[in-house]
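Undergrad: I'd like to go over a predicted model; first the sequence, then the structure.
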Amino acid sequence: MDTDVLVVGAGPTGLMLANQLVRRGVRVAVVDRHAGPSLKTRALGVQARTLEIYAQLDIVERALELGKIGTGANLWAQGRKMARVPLGEAGRGATPYPFILILGQDDNERIMGDKLRDLGVSVQWSTELVGLQQHADKVTATLRGPDGTSRTIQAAWVGGCDGAHSSVRELNGIAFPGAPYEHVFYVADTEVTGSMVPDEVNVYLWRAGFHLLFPMRSKDHWRIVGILPPTLRADRDVRIDHVIPSLRREAGAGLDIKACTWFSTYRIHHRCAARFRDRRCFLLGDAAHIHSPVGAQGMNTGLQDAYNLAWKLALVVRNRAQVALLDSYEDERMPVARRLLNTTDRAFRLVVSDSWLAGLLRTQVLARIAAFAMRREAIQRFAFRTVSQIGIHYRASALAQSQPDVPDSAPRAGDRFPWLRLKLNANGPVEDLFQKLDDTHFNLIAIGQPTHGALGLGDLCPIHTIPPDPTNDAELARAQIPNPSFYLLRPDGHVGLCGVRLDAAAVERYVANRLHLRNETHLFGWARELG
Ligand SMILES: Cc1cc2nc3c(=O)[nH]c(=O)nc-3n(C[C@H](O)[C@H](O)[C@H](O)COP(=O)(O)OP(=O)(O)OC[C@H]3O[C@@H](n4cnc5c(N)ncnc54)[C@H](O)[C@@H]3O)c2cc1C
């Protein structure tokens, strides 16, 4: 076998998958048909859940250094500011990163590419996947190299991270149903002054569409994203000058565009692959699902597909888990993609519909409802959890098991375990639990009960025992975590098994029957090898 996993595509999804596999001891080969890293910004919004994953990968500081923190979004209609969504306040206490980070896709790719190189793997550029043959125990891939000649390699598995026109998807004959939107987007990098609230996202809703202005790092630098006015849609040669009148109409006559360094138009589709896996090939990111950029979810969803698959594939490649564990990838990620497709589609249709009624709804009703809703803390928090992707859960997954004694109000199996700051030692300081979790291991959190010897795990699956303490009690109560209780976390930070009383037999059953580990000790043996 030439490699354990062939990763096709070195966009954000492929780079995340490769990084996560390599740090779990898996051999990967990463190929991309482009000659080098993309210089196009494309996605701009990095969500809190992605930043939490970046922290585990040790690249979050670099991302924060290069990006700009967006603490709020302002909604404008008919020249008036109608509402402000205070991202910072809405997310406070829910994540170490209560904001959206404005950081171009090219920078995200650079940071992940650098990390991958540090781990000893380089992308093979100008190398295109042109053929695939699946066998019972491997995949034979045909690659066309920089000099135009073809070679074949044998890989145990293939990660199809090759974007909307995925060859992995097409070579496996997987359908990609959906449709294009009739609207044409434009994107412009500008130096501009105007009514925008500085350092925050500004959304201008108007009768025939919307304009989004994202603050970039340097002074007066804004990325403008919008849809072309209907009269320009058929025009093949649209320039920034053509959209300035509609921009001024909605964002105010005072809008002064001093420079435009990049202007481009593009059409978008909404589609979801019929399957995310065909035997030894997986689809991730845009290869599996594409949707409107409303909500800045696309790149983030691909990154989380990779984070979901990597730990499972690593266990299987290392012969610790049975192949059945891999079924949970599609079971968990397809509903997330479908939900996202539905919500972004509905939101998108509302903000772009050409109908007179929708125009009225957008500028009169929507903005007022948003203004009203955003004054309610609970709605703000719900909106933040949704957009930041920290609210994504896999409660319906076969890997999720909540014991019957867990109250409904508590975090449950399948949820991302909440961010807590706790005293992990009776007389120690308050610490960030996320910084203590090691995502190359399973982690056991035991609250209000001893664990010594209970599972015979030693330090192979890190055990975090939360001692009794008034600070801890208050923090646990805030997160509605029962005391006593226990939570067995999967490497990706989602709860696998939880209950009130830690029961070694229940853990053993869970590990064998739900995780499909070949033998429960392997879970911890695997951790030891990597530790
Ligand atoms: C203008 C615009 C704005 C956007 N804004 C946002 C946003 O704000 N937030 C957000 O989250 N998302 C946004 N998106 C979506 C985001 O860009 C995509 O979701 C993201 O690029 C998907 O990453 P990916 O790695 O899955 O695919 P891609 O980035 O498309 O990467 C696929 C890679 O595979 C390679 N490849 C393809 N075929 C082959 C082959 N046969 N062999 C070898 N290599 C191959 C390609 O060269 C490419 O490098 C935006 C998209 C656009 C167009």
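TA: It's in.

Undergrad: from here on, just use CA atoms for contacts and neighbour counts.
TA: Fine.

Undergrad: near the ligand, which residues of the protein?
TA: Within the chain, the positions adjacent to the ligand are 8-14, 31-34, 42-45, 127-130, 161-163, 166-167, 285-287, 293, 296-300, 302 by C-alpha under 6 Å from any ligand atom.

Undergrad: which ones among these lie within strands?
TA: With strands taken from DSSP state E, the overlap with those comprises 8, 31, 45, 128-130.

Undergrad: now the strands: where do they sit in the stretch 1-150 of the chain?
TA: Taking DSSP state E, counting those that start in this stretch to define them, one finds strands in the stretch 1-150 of the chain at 3-8, 28-31, 45-46, 68-70, 72-77, 80-86, 100-102, 128-134, 139-144, 150-160.

Undergrad: from the chain's centroid, how far away is the first one?
TA: Offset of strand 3-8 from its chain centre (C-alpha atoms, centre = their mean, to the nearest Å): 21 Å.

Undergrad: what does the last one give?
TA: Using C-alpha atoms, centre = their mean, the distance from the centre of strand 150-160 to the centre of the chain it belongs to is 26 Å.

Undergrad: can you select the buried ones from the residues of the chain next to the ligand in PyMOL?
TA: Only the buried entries of the residues of the chain next to the ligand go into this PyMOL selection, using 16 or more other C-alpha atoms under 10 Å:
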select buried, resi 8+9+10+11+12+13+14+31+32+33+43+44+45+127+128+129+161+162+163+166+167+285+286+287+293+296+297+298+299+300+302
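
Undergrad: now the strands for the stretch 401-531 of the chain?
TA: In the stretch 401-531 of the chain, the strands defined using DSSP E, counting those that start in this stretch lie at 401-402, 421-423, 430-432, 443-447, 463-466, 485-489, 495-499.

Undergrad: so what's Ala35 up against?
TA: Shown in contact with Ala35 (C-alpha atoms under 8 Å, 6 or more residues apart in numbering): 125-126.

Undergrad: just Leu15 next, same as before
TA: Residues near Leu15 by C-alpha under 8 Å, 6+ apart: 9, 109, 112-113, 116.

Undergrad: I'd like to know how many residues surround Phe214.
TA: 25 (other C-alpha atoms under 10 Å).

Undergrad: next one: Arg117
TA: The number of residues packed near Arg117 is 12, by other C-alpha under 10 Å.

Undergrad: just the pLDDT for it.
TA: Looking at Arg117, its pLDDT reads 98.

Undergrad: show me the shaky parts of the stretch 51-200 of the chain.
TA: Along the stretch 51-200 of the chain, no part satisfies pLDDT under 70.

Undergrad: on that earlier part again, rebuild the ones in strands among the residues of the chain next to the ligand as CSV, extending it with distance to Ala251.
TA: Below are these laid out as CSV (distance: C-alpha to C-alpha, whole Å):
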residue, distance to Ala251
Val8, 42
Val31, 43
Gly45, 22
Glu128, 44
Leu129, 46
Val130, 47
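
Undergrad: now flag whichever of those is closest to Met334.
TA: For these, the closest approach to Met334 (C-alpha to C-alpha) belongs to Val8, at 19.9 Å.

Undergrad: other residues contacting stretch 47-55?
TA: Applying C-alpha under 8 Å, 6+ apart, the external contacts of stretch 47-55 come out as 60-61, 95-101, 296-297, 300, 303-304, 387-390.

Undergrad: residue nearest the centroid of this protein?
TA: Central residue check for the chain by C-alpha atoms, centre = their mean: the C-alpha nearest the mean position is that of Asn300, 3.0 Å away.

Undergrad: against Gln47, how distant is that residue?
TA: Counting by C-alpha to C-alpha, to the nearest Å, the gap from Asn300 to Gln47 is 7 Å.

Undergrad: got it, and Gln124?
TA: From Gln124 to Gln47 the distance is 29 Å (C-alpha to C-alpha).

Undergrad: higher neighbour count, these two?
TA: Neighbours around Gln124 and Gln47, counted as other C-alpha under 10 Å, are more numerous at Gln47. The numbers are 25 against 20.

Undergrad: so where's the stretch 351-500 of the chain uncertain?
TA: Scanning the stretch 351-500 of the chain for pLDDT under 70 picks out the ranges 351-368, 370-375, 452-460.

Undergrad: buried ones in stretch 495-513?
TA: Per 16+ other C-alpha under 10 Å, stretch 495-513 contains these buried residues: 495-502, 507, 510-513.

Undergrad: same question for stretch 243-254.
TA: The neighbour-count criterion (16+ other C-alpha under 10 Å) identifies 243, 246-248, 250-252 as the buried residues of stretch 243-254.

Undergrad: one more: stretch 306-325?
TA: Of all the residues in stretch 306-325, those buried under the rule 16+ other C-alpha under 10 Å are 306-317, 320-323, 325.

Undergrad: average pLDDT for it, rounded please.
TA: Stretch 306-325 comes out at a mean pLDDT of 95.

Undergrad: can you give me the offset of it from its chain's centre?
TA: Remark: stretch 306-325 is offset 19 Å from the chain centroid, using C-alpha atoms, centre = their mean.

Undergrad: what's the end-to-end length of that stretch?
TA: Terminal-residue distance, stretch 306-325 (C-alpha to C-alpha): 15 Å.

Undergrad: and stretch 417-437, by the same measure?
TA: So stretch 417-437: terminal residues 11 Å apart, C-alpha to C-alpha.

Undergrad: ditto for stretch 115-127
TA: Stretch 115-127 has an end-to-end distance of 21 Å (C-alpha to C-alpha).

Undergrad: what sits up against that stretch?
TA: With C-alpha under 8 Å, 6+ apart as the test, stretch 115-127 has contacts from 10, 15, 18-19, 22-23, 28-36, 59, 113, 143-146.

Undergrad: rerun at 6 Å
TA: Residues from elsewhere that reach stretch 115-127 (C-alpha atoms under 6 Å, 6 or more residues apart in numbering): 19, 30-36, 144-146.
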